[in-house]
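# any chance you could fold what I've pasted below:
(chains A and B, ligands or ions: 3)
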Amino acid sequence: MTERRLFVLQRLTALILAPLVLAHLGLILYAVRDGLTAQEILGRTQGSLGWALFYGAFVLAAAVHAPLGLRTILREWTAASPRLATLVSLAFGILLAALGLRAVIAVVA
Amino acid sequence: MTEGPGNALNVRIWRGKAEGRFETYRVPARDNQTVLDVVTEVQRRQAPDLAYRFACRVGVCGSCAMTVNGRPRWTCRTHVRRVALEGTLTVEPLRNLPRIKDLACDMAPFFDKWQRAGGRFSGTASRREPPQRVDPQSPPRLAASAAIECINCAVCHAACDVVAWNSDYLGPAALNRAWTLVNDARHGPRSDTLDRAFAEGGCTSCHSQGNCTRHCPVGLSPSESIAALKRSAFFGLPKLEAPE
Ligand code: SF4
Ligand code: SF4
Ligand code: FES
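Ligands and ions are numbered 1, 2, ... in the order given. Next up, the predicted model:
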């Protein structure tokens, strides 16, 4: 993929992540302050298409956004060749997506 | 100055190549002297083998840039009064370029990047055709004009940390040049120039912190040009007005 496309992808995923991160933080505060138990939380998330979409989008956007930043850091701060930096970032992205989607499935399925 | 007005100035000048040392020279401090005047005085009176570059002495040719007390500057228009620290001046070659001898560095990598960024103008019309009409107030022309007065001094290239980290990065001057051509209605390969500006090591590597702009002696804003190049990742080539 060209640098231009990757650049666009990183900016667009940032655009998606910004509101999702705020909602996610708000949610954490809400759940903790109200003292919701794990059971109560799961009761609300299981079978919910809304939460599946919300956190599915979150995980996918993060799995694209973060590795692109990592790639830049590797290229600027380490001796890694551009190719190696890309491969490591790609692997990191796949790992993020797999772990994240697994977690989403665990709370909504 | 430590020794009162009209006295001496201690000038530390880099002698050698990549390996070398600072030599200290004492020159008279004068009311009006530029850093280039001081270097010239040292060369004429004390160190005839001192290598450095200059041509116009009035801020036009861009050949006299050096690192003065840690910052890149055009030395012919930098007054000692404004930059001397406690009567001391430290003069080194520009950063981010190979050193040749003393204060002269090899500018070839800098101009190579200019070419790599698609910075060579290539007109669409031949000399037999009438000159193309360009509205000076059209937005693309205004964008090009704002960035066009570059004197190729490489001060911004020396100020850029990303160039220091990644010598492949095209750097502010070459990208600023690319942005002027992308906006130039008379330049044929506008989209090729834009593609080159986005290639590996191109505008997406810029951190937008603006050290280039802060140091550009003629007041250009390469960081703004680069930001505009980045925006065209979303919006494509700037629209030109339909020719009349
Ligand atoms: S704004 Fe970009 S080009 Fe200018 S100094 Fe910073 S990284 Fe370099
Ligand atoms: S943009 Fe400014 S600092 Fe950079 S080369 Fe041109 S004149 Fe010099
Ligand atoms: S000598 Fe020409 S710009 Fe300084």
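
# pull up the residues of chain B that are close to ligand 1.
Within chain B, the positions near ligand 1 by CB under 6 Å from any ligand atom are B:159-160, B:162, B:172, B:206-212, B:222-223, B:226. Glycine gets a C-beta too; all of them are placed from N, C-alpha and C.

# now residue 40: which helix or strand?
Using chain A here. Assessed by DSSP states H and E, A:E40 sits inside helix A:38-45.

# um, chain B though
helix B:35-45.

# looking only at pLDDT, what's the mean for that helix?
On average, the pLDDT along helix B:35-45 is 97.

# can you pull the contacts of the residue nearest in space to the middle of chain B?
Most central in chain B under CA atoms, centre = their mean is B:A154, positioned 2.7 Å from the mean C-alpha point. Neighbouring residues of B:A154 by CB atoms under 8 Å, 6 or more residues apart in numbering or on different chains: B:62, B:65, B:72, B:94, B:97, B:107, B:110, B:173.

# please redo it, this time with the cut-off set to 10 Å
Contacts here follow CB atoms under 10 Å, 6 or more residues apart in numbering or on different chains; on that basis B:A154 touches B:62-63, B:65, B:72, B:94-97, B:105, B:107, B:109-111, B:113, B:163, B:171-173.

# before we move on, what about A:H65?
Counting by CB under 10 Å, 6+ apart, A:H65 has contacts A:9-17, A:93, A:96.

# B:G118 belongs to a strand, doesn't it?
No - under DSSP: H, G, I helix; E, B strand; the rest coil, B:G118 falls outside any strand and is assigned coil.

# picking up where we left off before, show me what the helix holding A:E40 is packed against.
helix A:3-33, helix A:49-77, helix A:82-108 (3 or more CB pairs under 10 Å, 6 or more residues apart in numbering or on different chains; DSSP states H and E).

# again, only this time at 8 Å
helix A:82-108 (3 or more CB pairs under 8 Å, 6 or more residues apart in numbering or on different chains; DSSP states H and E).

# so which bits of the helix it packs on are buried?
A:85-86, A:88-89, A:92-93, A:96-97, A:100, A:104, A:107-108 (16 or more other CB atoms under 10 Å in any protein chain shown).

# name the residues that touch stretch B:39-50?
B:11, B:13, B:15, B:23, B:25, B:27-28, B:52, B:54, B:66, B:75, B:91, B:102-103.

# and the buried ones among those residues, selectable in PyMOL?
Buried members of the contacts of stretch B:39-50, defined by 16+ other CB under 10 Å, are picked up in PyMOL with:
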select buried, chain B and resi 11+13+15+23+25+27+52+54+66+75+91+102+103
